[in-house]
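Student: quick one, fold the following:
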Amino acid sequence: MAVRVGDTNVFGMRVTALQGRMVDLECENCRESGSVKADEFQSTRCGSARCASSQGRTE
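Tutor: Numbering: from 1, shown residues only. Below you'll find the model as predicted:
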């Protein structure tokens, strides 16, 4: 599956930019941003202090 700007994964991480094999992401909940490899996008969660405490509890 090709990743495109604007795509959002099940954890609320949205693609804001593509840079070769890397994607820039932004959390829709807390607006924290970061970069990951494009093939890891679907399994990437927010790691901020605000979101990390609730990750995994509603799945």
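
Student: where do the strands of the protein begin and end?
Tutor: Under the criterion DSSP state E, strands of the chain are mapped to 13-19, 22-27, 33-37.

Student: need the ones you listed in TSV with mean neighbour count, can you?
Tutor: (Glycine included, C-beta is placed from N, CA and C.) Below are the strands of the chain laid out as TSV (neighbours: other Cβ atoms under 10 Å):
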stretch	mean neighbour count
strand 13-19	16
strand 22-27	19
strand 33-37	14
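
Student: let me have the ones you listed in JSON lines, adding mean pLDDT and distance to Gly6 as columns.
Tutor: Converted to JSON lines, the strands of the chain look like this (pLDDT from 0 to 100; distance: least, Cβ to Cβ, whole Å):
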{"stretch": "strand 13-19", "mean pLDDT": "95", "distance to Gly6": "6"}
{"stretch": "strand 22-27", "mean pLDDT": "95", "distance to Gly6": "11"}
{"stretch": "strand 33-37", "mean pLDDT": "93", "distance to Gly6": "15"}
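
Student: to what extent is the nearest residue to Val36 once chain neighbours are set aside buried, counted in neighbours?
Tutor: In space, Val36 comes closest to Thr44 once its chain neighbours are excluded; the distance is 5.0 Å by Cβ to Cβ, 6 or more residues apart in numbering. Neighbourhood size, Thr44 [other Cβ atoms under 10 Å]: 17.
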